[in-house]
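Asks: Let me see the structure of the following:
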Amino acid sequence: MAKVYFYYSAMNAGKSTALLQAAHNYHERGMRVLTFIPAIDTRAGLGRIRSRIGIESEAIALGEADDIFVRVSGEHHAQPVACVLIDEAQFLSPVQVEQVCDVADALRIPVLCYGLRTDFRGALFPGSAALLGTADDLIELKTVCHCGRKATMNLRVGPDGKAVKEGAQIEIGGDERYVSVCRRHYKEALR
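Replies: Down below sits the predicted model:
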């Protein structure tokens, strides 16, 4: 039985690195994978996944209206697909998460989704909420706060390095914009 896996964490836990390693493992065994990234994330260029440690790969850019099931089904019928990998899965729509589940259930292809659980306010992203509710396996990837405790929060910071309390849920950025912290230091920074 194919499953949907959701690997989630705060920022800087190695989600993209883990995805790229999984893709490498499949390729090394002669298996075909499809790798996706939402088109909204262009930090590495449109349709590219890049890890902070320097490894990167091409990916299929997903638009908001793209049907993942239709895309995977077409690719699979042309040449078998062993696994589907999705980076930045928090940006999927709930409908796209349903499509991901259909890939696993109807096509019997495992789908590994990697993404943030919550935004800079501690609220679930719609894609993450849908994955937390429907994925077969939930796997937390861990990272650490500057104090050494497990980081679970994504603190958005401004150009001055101070915490940002308001703004749009989605603002693409990396180390220059977000800091992974434990809940205690998250609350302290917002005071």
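Asks: For this protein, just list every one of the strands.
Replies: Along the chain, counting by DSSP state E, strands occupy 4-9, 33-38, 48-50, 56-58, 60-62, 83-86, 111-116, 137-140, 143-144, 150-151, 153-156, 178-181.
Asks: out of these, nearest to residue 122?
Replies: With distances scored as CB to CB, the stretch of the strands of the chain nearest to residue 122 is strand 153-156 (6.3 Å). (C-beta placed from N, C-alpha, C; glycine too.)
Asks: ok, back up a step: where among the strands of the chain is the average confidence lowest?
Replies: Looking over the strands of the chain, mean pLDDT reaches its minimum on strand 48-50, with a mean of 86.
Asks: outside of that one, which residues touch it?
Replies: Strand 48-50 is contacted from outside by 16, 19-20, 35, 37, 43-44, 56-59, 87, using CB atoms under 8 Å, 6 or more residues apart in numbering.
Asks: what two of these have the greatest distance between them?
Replies: Between any two of these, the greatest separation by CB to CB is 15.7 Å, found for 35 and 43.
Asks: Among these two, which residue is more densely surrounded?
Replies: In terms of neighbours (other CB atoms under 10 Å), residue 35 is the more surrounded of residue 35 and residue 43; the figures are 22 against 12.
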